[in-house]
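1. Predicted model follows, preceded by the sequence.
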Amino acid sequence: MAQLPLSEQDMLVDRGAGFITRAEELAYELKVEQVMTRDVKTVTPRTLIIDVLNLFREARISGAPVVDQDRLVGVISIEDLIRALRDSGRSELRASVSDYMTTRLVTVNVYDSIIEALKLFAKTKLGRLLVVDRAGRLAGIITKGDITRGLLNALQRDIETEELKRYRASHLFEDIISDRTSLILRYHIAPRDFINGGAASSNIKRALLRLGANPQLARRCGVAVYEAEMNLIIHATNGGDIEVEIEPHQIVIHVTDDGPGIEDIEQAMQPGFSTAPPEIRELGFGAGMGLQNIKRSVDELNIESTPARPRLIMKPKRGREEWELSREPAPGQGTRLTMKFFLQADQSLERHSSTGRESAE
């Protein structure tokens, strides 16, 4: 077991410098398909450069996907047009798009959270990303402006609906009398299920808010669970399980899997370290910051992991007169993360539910 107590500098607390805003929280919840632009102007590899130039001017755009028989084959941008003019002047306007388009594409999936699109924007410095559907076909395009508008619309929508649901649920700990009251939420996470990635963390965060949790605390929990959830999707052989135990004064989250285990926990905690395979990295995941984001969000983090280890096997020979010693591989026994969040007296769920009742009455 690796015990990782966190200093106040590591902890993401309300009085600290770094707040998780509602907009940042929504970046983990909203999917690309909810904010992307669907009406996309496209060209074909046979379109002439002069026609692309006219399209850009009339539509007031600076780039367009290149599609050939419903198959995304490239992208052409204003920079490519400038390169064409620089090469041969106005005579190059009669050239085809295929001569100057970019074929090394950077794409996001419709089911990705917009946080993944933001990571790609930061990594590639691109102004737009192509969005593909589950079959790899062009579904739309997303820009930073699309993300900003989507976040603003989502912020406007969720205020009124959350208030009523929060009032109904926030009385739970006050109305039930027992020596120790707790609420347990359980979720199973399927392996490589990127379509539903982030659903559990979003549901947990929403449940905490409706129980009267401090919004900043709920957001910290949401970020930590999201990163753990994506780790299960990416690395765990058979997925895994998330169990959340909510009490008035603390929240304990267990994340378990039966995967190959973590070979070196200290190395895994280093920023940028990742064992994600190339195909996962191509999808925009596996940047090696998951455990770091968890560490910054929780008050206490425990990691237990049993990686694969060789085991010694002794077999009898010649009627037990001799014994043969051999080594056989033993599979890993999985990993268990325990994340704890401690609620101060003024953050207690009992106190918040009581306050909610008084204000409502």
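-> Done, it's in.

2. Identify each of the helices in this protein and give its residue range.
-> Assigned by DSSP state H, the chain shows helices spanning 22-29, 32-35, 49-59, 78-88, 114-124, 144-169, 172-175, 199-210, 215-235, 265-268, 278-282, 290-297, 349-360.

3. can you redo the ones you listed as CSV with distance to residue 305?
-> Every C-beta, even on glycine, is put in place using the N, C-alpha and C of the backbone. Below are the helices of the chain laid out as CSV (distance: least, Cβ to Cβ, whole Å):
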stretch, distance to residue 305
helix 22-29, 25
helix 32-35, 32
helix 49-59, 53
helix 78-88, 47
helix 114-124, 26
helix 144-169, 35
helix 172-175, 34
helix 199-210, 21
helix 215-235, 11
helix 265-268, 6
helix 278-282, 20
helix 290-297, 12
helix 349-360, 31
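
4. who wins for proximity to residue 95 among those?
-> helix 49-59 (5.1 Å; Cβ to Cβ).

5. Can you lay out the helices of the chain as TSV showing mean neighbour count?
-> TSV is the format used below for these (neighbours: other Cβ atoms under 10 Å):
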stretch	mean neighbour count
helix 22-29	20
helix 32-35	20
helix 49-59	15
helix 78-88	14
helix 114-124	18
helix 144-169	14
helix 172-175	17
helix 199-210	21
helix 215-235	24
helix 265-268	14
helix 278-282	12
helix 290-297	21
helix 349-360	16
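
6. what's the closest of these to residue 336?
-> helix 215-235 (10.8 Å).

7. pLDDT on that closest one, on average?
-> Mean pLDDT, computed over helix 215-235, is 91.

8. Which strands or helices does it pack on?
-> Using 3 or more Cβ pairs under 8 Å, 6 or more residues apart in numbering; DSSP states H and E, the elements in contact with helix 215-235 are helix 22-29, strand 183-189, helix 199-210, strand 240-246, strand 250-257, helix 290-297, strand 334-342.

9. before we move on, back to that, quick check: which of the helices of the chain is nearest to residue 250?
-> helix 349-360 (9.8 Å).

10. check contacts around residue 133.
-> 109, 110, 139 (Cβ atoms under 8 Å, 6 or more residues apart in numbering).

11. Please identify the member of these with the greatest number of neighbours.
-> Neighbour counts for those (other Cβ atoms under 10 Å) peak at residue 139, which has 22 neighbours.

12. re earlier: any idea which of the contacts of residue 133 is the one closest to residue 298?
-> residue 109 (28.7 Å).

13. Give the bridge partners for the closest one, please.
-> Beta bridges link residue 109 to residue 132 when assigned by DSSP bridges.

14. What separation do you get for it and residue 343?
-> Distance from residue 109 to residue 343, counting by Cβ to Cβ, to the nearest Å: 37 Å.

15. now swap in residue 255 and tell me
-> Relative to residue 343, residue 255 is positioned 20 Å away (Cβ to Cβ).

16. Tell me which of those two has more neighbours.
-> Using other Cβ under 10 Å as the criterion, residue 255 and residue 343 rank with residue 255 on top: 27 against 21.

17. ok, that one - contacts?
-> Contacts for residue 255 were tallied using Cβ under 8 Å, 6+ apart; they are 225, 228-229, 231-232, 240-243, 336-339.

18. tell me which of those is nearest to residue 265?
-> Nearest to residue 265 among the contacts of residue 255 is residue 337, at 10.6 Å by Cβ to Cβ.

19. re the thing from before, of all the helices and strands packed on helix 215-235, which one is nearest residue 74?
-> Nearest of the helices and strands packed on helix 215-235 (Cβ to Cβ): helix 22-29, 28.7 Å.

20. helices and strands around that closest one, which ones?
-> Using 3+ Cβ pairs under 8 Å, 6+ apart, helix 22-29 sits against helix 114-124, helix 144-169, helix 199-210, helix 215-235.

21. Would you format these as CSV with distance to residue 177 included?
-> What follows is those, written out as CSV (distance: least, Cβ to Cβ, whole Å):
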stretch, distance to residue 177
helix 114-124, 41
helix 144-169, 18
helix 199-210, 21
helix 215-235, 25
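
22. Could you export the helices and strands packed on helix 215-235 as TSV, including distance to residue 37 and mean pLDDT?
-> What follows is these, written out as TSV (distance: least, Cβ to Cβ, whole Å; pLDDT from 0 to 100):
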stretch	distance to residue 37	mean pLDDT
helix 22-29	18	83
strand 183-189	31	95
helix 199-210	24	91
strand 240-246	34	96
strand 250-257	36	95
helix 290-297	29	88
strand 334-342	37	93
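
23. Any chance of these in TSV with distance to residue 48 as columns?
-> What follows is the helices and strands packed on helix 215-235, written out as TSV (distance: least, Cβ to Cβ, whole Å):
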stretch	distance to residue 48
helix 22-29	40
strand 183-189	50
helix 199-210	46
strand 240-246	53
strand 250-257	54
helix 290-297	47
strand 334-342	56
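
24. closest one to residue 263 among the ones you listed?
-> Closest of the helices and strands packed on helix 215-235 to residue 263 is strand 334-342, at 10.8 Å (criterion: Cβ to Cβ).

25. can you give me the offset of the closest one from its chain's centre?
-> Chain-centre distance of strand 334-342: 18 Å, with Cα atoms, centre = their mean, to the nearest Å.

26. Could I get the buried residue list for it?
-> Using 16 or more other Cβ atoms under 10 Å as the burial criterion, the residues of strand 334-342 that qualify are 334, 335, 336, 337, 338, 339, 341.
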